[in-house]
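Visitor: What would the 3D arrangement of this be:
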Amino acid sequence: MKTSVLILPAMLWLATGYAAQATGDAATAKVASALQGTFDNRQQVASAPAGTDAAIPHVTVVIEPTPQKDWSLWHVHIEIDAESKFDQTWAMQARVEHDGSGALVPYYQLKQTSDPVASAFDPKDWLSLEACALRGDFSKARIEAMSEGEPCVAVSMSVGARRALLPVGFVGEGRTLHLDMNLRGVRTRIDADRS
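Guide: Next up, the predicted model:
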């Protein structure tokens, strides 16, 4: 009798754990498939009013999976003008938090001298920016997440000027990726379409 009283709660606990893991795996797989490809805001740039002080730069984001489960590389390219072009690659780890919400945690390389290759990706070569994790709801058709402002600003200071290329929020809807970035110290919405 005592044994059966202990076995039943243990079985329920294990079943709950497996169900949560399956839900988490499904959510991170959904994010991985929804956020793959090349996204470009060419249309946004073309339709922006001319002569504004805070013109929208041309941004291309290439998101590719890595051999490691739940990891992707985000290659961000920004062209402010013909002479001002910047590139940065971020490793993003998708995970499900304890409360069921989703998170993309950015990682960076201390000295990124060449464009990282997804097939050779090794998480041990990257440093975490946990305070800049993009947290939100990954369970619906619209995937949305953002980072908390002040903790991210404090931690990302160590990244230097590259932090301007770090997404601080995103919304994934169908073929469109809306990215929030801190360009020139101003939160800027980039509307990029998958090509």
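Visitor: CA only for contacts and neighbour counts going forward, please
Guide: OK.
Visitor: For the residue most central in space within the chain, pull up the helix or strand it's in.
Guide: When the chain is reduced to its mean C-alpha position, the closest residue under CA atoms, centre = their mean turns out to be residue 104, at 4.7 Å. Here residue 104 sits within strand 102-108, counting by DSSP states H and E.
Visitor: Off-centre distance for that strand?
Guide: Mean C-alpha position of strand 102-108 versus that of the full chain (CA atoms, centre = their mean, to the nearest Å) differs by 6 Å.
Visitor: buried residues in that strand?
Guide: Going by neighbour count (16 or more other CA atoms under 10 Å), the buried part of strand 102-108 is 102, 103, 104, 105, 106, 107, 108.
Visitor: Turn those residues into a markdown table, columns for pLDDT and distance to residue 61.
Guide: As requested, the buried residues of strand 102-108 are exported to a markdown table (pLDDT from 0 to 100; distance: CA to CA, whole Å):
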| residue | pLDDT | distance to residue 61 |
| --- | --- | --- |
| 102 | 92 | 21 |
| 103 | 94 | 19 |
| 104 | 94 | 16 |
| 105 | 96 | 17 |
| 106 | 96 | 14 |
| 107 | 96 | 16 |
| 108 | 93 | 16 |
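Visitor: and which of those residues is nearest to residue 178?
Guide: Relative to residue 178, the closest of these is residue 104; by CA to CA it sits at 15.0 Å.
Visitor: Touching, that closest one and residue 129? I think so.
Guide: No. Applying CA atoms under 8 Å, one finds residue 104 not in contact with residue 129, separated by 10.3 Å.
Visitor: which stretches of this protein have low pLDDT?
Guide: In the prediction, the chain carries residues with pLDDT under 70 at positions 1-33, 51-54.
Visitor: and if we set it to 80?
Guide: With pLDDT under 80 as the threshold, the chain has low-confidence stretches at 1-34, 49-55, 139-141, 149-151, 153-154, 158, 184-185.
Visitor: And the strands in the chain, which stretches?
Guide: Chain-ordered strands for the chain, with DSSP state E as the definition, fall at 37-40, 58-65, 71-81, 84-96, 102-108, 127-128, 134-137, 143-146, 167-173, 176-183, 186-194.
Visitor: Could you look over the ones you listed and pick the most buried one?
Guide: Among the strands of the chain, ranked by average contacts under mean count of other CA atoms under 10 Å, first place goes to strand 102-108 (a mean of 24).
Visitor: partners of that one in the sheet?
Guide: Partners of strand 102-108 in the sheet, by DSSP bridges, are strand 84-96 (antiparallel), strand 127-128 (antiparallel), strand 134-137 (antiparallel).
Visitor: which one of the ones you listed lies closest to residue 35?
Guide: Shortest distance between residue 35 and the strands paired with strand 102-108, using CA to CA, is found for strand 84-96: 10.8 Å.
Visitor: Could you give the bridge partners of residue 145?
Guide: Listed by DSSP bridges, the beta-bridge partners for residue 145 are residue 136, residue 170.
Visitor: ah, wrong one, I meant residue 88
Guide: Going by DSSP bridges, residue 88 forms beta bridges with residue 76.
Visitor: Residue 76 is in contact with that one, correct?
Guide: Yes. If you go by CA under 8 Å, residue 88 and residue 76 touch, sitting 5.3 Å apart.
Visitor: If anything else comes up later, I'll come back, but that's it for now.
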